[in-house]
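Engineer: Fold the following, please.
(2 chains)
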Amino acid sequence: MTDVTVAQFIVDAIYLITGVCFIVGLRLLSSPKTARLGNRIAAAGMFVAVVATAFEMEPSAWWIVLIGVVLGAAGGIYSARAVKMTAMPQMVALFNGAGGGAAAMVSTAEFLKLYDPAATSGMPPDQTITIMLSSIIGSLSFAGSIIAFLKLQELMTGRPITYPGQQVVNALVALAIVGCAVCVVAGVSPLATYFVAFGGALVLGVLFVLPIGGADMPVIISLLNSFTGLAAAMTGFVLGNNVLIISGALVGASGTLLTVLMGKAMNRSITNVLFGAFGAIKTAAGGEAAAGSSGGSVRAATAEDVATMLAYAKQVVIVPGYGMAVAQAQHSVRDLAAQLEKKGVEVKYAIHPVAGRMPGHMNVLLAEANVPYPQLYDMEDINPEFPRTDVALIIGANDVTNPAARNVPSSPIYGMPILDVDKAANIVVLKRSMNPGFAGIDNPLYEDPKTVMLFGDAKKSVDELAATVKSL
Amino acid sequence: MSEHLLTELTIFILAVFVGIEVISKVPTTLHTPLMSATNAIHGIVLVGAILVAGVEDPKLGWFLSIVVVTLASLNVFGGFTVTERMLQMFKPRATPPAQGDGKQ
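Structural biologist: Prediction:
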């Protein structure tokens, strides 16, 4: 410890505290009661780390940091307050991209510091390897997150974009990046190859998110989150900074875990999500299914019929989907549930793991509408309830209720665990029209004899139901 | 040099295990706040950004140095704010449901 100055020792001790704060903070996120405290502890940890680091700055450069922090804080806090809860996935994608981009740039600065054009011997490989990893993963995450943002914000098509030979092109770009990285480490014109690798990673980030769309977005958001975590950890290796390593590892683990969980919820492997181009398969299969099911008929009902059915039920399970959120019907749904509860009806919400556009998204949307979280049930907990349920009320959800996933092996969603709404005594589907859902697949549930359809805007329909139930 | 790398690798791997352990206890209800909180936590690159920008002669030049600090701060401040906003909404019991009017 003799070669470590006292100041450095203090800073390192503070970084340790920060690491502990992050772990404790995440631990407290395991219960809604303590989650806010957890978030604040993590924020406090971040604060002390940044303050400690600020003491290491050269006085001549403080203005650069100050301008950056003020701009970032203003932009971050403003957008975080303004964002609608439905737009949360693209907000997370954007912040994620910012972090990835920052990690890549920090490593670039370290590379330029290390690079000496006059040097005859190469740079230390353990340094260059971590620099390359950090800047490649970081810029990949940056570019990928921007594309994910554009898709979710509908500034570009949310559908998968595919073209012949796509995987070959991606593989070639990836190969080129690896080649350049090897050159940098080996010291073969490192400056040029560094920036080619950097640019290549940006291009690959764009290319690998393009073919992903629709229902696979939650997976890609989790994966990008994990990438930025890894990039931050690699930056920690580059700077010899333990707090970056710890935090990056935590985030990397979390993102990977959620990615795997989302994949499981759709019964698809990560490679299948990344390279399967779900959309391309689906359009073909969708046509077939449509032709095959054209013989069936659907029953439409009026709001009065449905309201009566609901009001005299013992148990109603509401299955909310993203369509409910798009129609901004969460609050109306909560009001309807309140009216039903006044009539003595037991109301539960069934949340499919991939309802919404990111893991847990639907829970947030319902929490925003003041639905108490003990009423929200996971798929495993609610599925045994459906046989005892009088009415399953499906609002803007489609694919997660599609029995084809259970019994039509040719269906693109075959094998995906679904909510067993078809086991309920009655099924009511609120839907704008007979258009297929996000994944573009027909739903045989609509032709089930137990099913009635209530067409129209979700919010209007639910409001009408609530008013009618109240008057009964 | 390589001994140093080994120590860092040890920290990294142990932190991954801690991460898996801690995060697997988070219920699905809180997965979105979890993701935005971890999102804010990787904003710790702000520390790195300050270390490369806050020097006598920043390698990225003053403009890109401002950009890197801005990006990292955006990540930190935005991430924690949005998580706080979400967590505020999670309530344990139904507030008197009858006079619900759509607002808080």
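Engineer: what does the helix or strand hosting A:L340 contact?
Structural biologist: Using DSSP states H and E, A:L340 falls within helix A:330-342. Helix A:330-342 has contacts (CB atoms under 8 Å, 6 or more residues apart in numbering or on different chains) with A:310-311, A:313, A:316, A:318, A:320, A:324, A:347, A:365-366, A:368-371, A:375, A:395, A:459, A:462-463, A:465-466, A:469-470, B:94, B:97-98, B:100, B:102. Backbone N, C-alpha and C define where each C-beta goes, glycine included.
Engineer: State the phi and psi torsions of the closest residue to A:G138 other than its chain neighbours.
Structural biologist: The shortest distance from A:G138 to any non-neighbouring residue, by CB to CB, 6 or more residues apart in numbering or on different chains, is to A:A104 (3.1 Å). Dihedral angles of A:A104 (phi, psi; degrees, to the nearest 10) stand at phi -60, psi -40.
Engineer: One more: A:I427?
Structural biologist: phi -130, psi 130.
Engineer: what residues are up against the nearest residue in space to A:S226 that is not next to it in sequence?
Structural biologist: What sits nearest to A:S226 in space, not counting adjacent residues and going by CB to CB, 6+ apart, is A:G255, at 2.5 Å. Shown in contact with A:G255 (CB under 8 Å, 6+ apart): A:222-229, B:35, B:38.
Engineer: Poorly predicted segments of chain A, please.
Structural biologist: Along chain A, the model assigns pLDDT under 70 to residues A:1-4, A:120-121, A:276-296, A:435-440.
Engineer: let's go with 80 and repeat that
Structural biologist: A:1-4, A:117-122, A:158, A:213-215, A:268-270, A:272-297, A:412, A:433-442 (pLDDT under 80).
Engineer: Strands along that one, start to end?
Structural biologist: Counting by DSSP state E, one finds strands in chain A at the ranges A:315-320, A:346-351, A:376-378, A:391-395, A:426-431, A:451-455.
Engineer: So which of those is the most surrounded?
Structural biologist: Across the strands of chain A, averaging neighbours per residue (mean count of other CB atoms under 10 Å in any protein chain shown) puts strand A:391-395 on top, at a mean of 28.
Engineer: Output that one in PDB, but only the C-alpha positions, please.
Structural biologist: Output in PDB follows, covering the C-alpha atoms of strand A:391-395 (Å, rounded to 0.1, in the frame of the first residue of the first chain):
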ATOM      1  CA  VAL A 391     -65.500 -14.400 -17.100                       C
ATOM      2  CA  ALA A 392     -62.100 -13.800 -18.700                       C
ATOM      3  CA  LEU A 393     -62.100 -10.200 -19.900                       C
ATOM      4  CA  ILE A 394     -59.400  -9.700 -22.600                       C
ATOM      5  CA  ILE A 395     -58.600  -6.100 -23.300                       C
END
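Engineer: Starting from that strand, tell me which strands it pairs with and how they run.
Structural biologist: strand A:315-320 (parallel), strand A:426-431 (parallel) (DSSP bridges).
Engineer: Those: which one's closest to A:E380?
Structural biologist: strand A:315-320 (14.1 Å; CB to CB).
Engineer: by how many degrees do that closest one and helix A:330-342 diverge?
Structural biologist: Here the directions of strand A:315-320 and helix A:330-342 differ by 180 degrees (axes from the mean of the first three to the mean of the last three CA atoms, to 10 degrees).
Engineer: How about residues contacting strand A:315-320?
Structural biologist: With CB under 8 Å, 6+ apart, strand A:315-320 has contacts from A:310, A:330, A:333, A:337, A:340, A:345-352, A:355, A:362, A:365-366, A:382, A:385-386, A:388-397, A:400-401, A:419, A:421, A:424.
Engineer: related to what we said a few turns ago, and the helix holding A:L340, how far out from the chain middle?
Structural biologist: 28 Å (CA atoms, centre = their mean, to the nearest Å).
Engineer: A:P125 against A:V185, yeah?
Structural biologist: Yes - A:P125 is in contact with A:V185 according to CB atoms under 8 Å; the separation is 5.4 Å.
Engineer: Between these two, which is the more surrounded one?
Structural biologist: Applying other CB atoms under 10 Å in any protein chain shown to A:P125 and A:V185 shows that A:V185 carries more neighbours, namely 20 against 14.
Engineer: quick one: the closest residue in space to the more buried one that isn't next to it in sequence and chain B, what's the gap?
Structural biologist: Using CB to CB, 6+ apart and skipping the chain neighbours, the partner closest in space to A:V185 is A:T128 (4.7 Å). According to CB to the nearest CB, to the nearest Å, A:T128 stands 12 Å off from chain B.
Engineer: ditto for A:V168
Structural biologist: 32 Å.
Engineer: what's around that residue, how many residues?
Structural biologist: 9.
Engineer: same check, this time on the one 5 residues further on
Structural biologist: A count of neighbours around A:V173, defined by other CB under 10 Å, yields 18.
Engineer: mind listing what the residue in the stretch 351-472 of chain A that chain B sits nearest to touches?
Structural biologist: Chain B sits closest to A:G360 of the stretch 351-472 of chain A, with a gap of 2.9 Å, by CB to the nearest CB. Taking CB under 8 Å, 6+ apart as the contact definition, A:G360 lies against B:28-35.
Engineer: Quick check on it: phi, psi?
Structural biologist: phi 80, psi 10.
Engineer: Show me where chain B has its helices.
Structural biologist: Taking DSSP state H as the test, the helices found in chain B are B:2-23, B:31-41, B:45-53, B:61-88.
Engineer: For the stretch 101-250 of chain A, which residues are neighbours of chain B?
Structural biologist: Taking CB under 8 Å from any CB of the partner chain as the contact definition, the stretch 101-250 of chain A meets chain B at A:101-103, A:105-106, A:108-110, A:112-113, A:124, A:126, A:221-222, A:225, A:228-229, A:231-233, A:235-250.
Engineer: List buried residues within those residues.
Structural biologist: A:101-103, A:105-106, A:108-110, A:126, A:221-222, A:225, A:228-229, A:231-233, A:235-239, A:241-250 (16 or more other CB atoms under 10 Å in any protein chain shown).
Engineer: Select from those every entry located in helices.
Structural biologist: Those of those lying in helices (DSSP H): A:101-103, A:105-106, A:108-110, A:126, A:221-222, A:225, A:228-229, A:231-233, A:235-239, A:242-250.
Engineer: list the contacts for A:I177?
Structural biologist: A:136, A:197, A:200-201, A:204.
Engineer: Equivalent analysis for A:P403, please.
Structural biologist: Per CB under 8 Å, 6+ apart, neighbours of A:P403: A:418, A:422, A:444-445, A:448.
Engineer: same thing with A:G100?
Structural biologist: Contacts of A:G100 by CB under 8 Å, 6+ apart are A:137-142, A:145, A:224, A:227-228, A:231.
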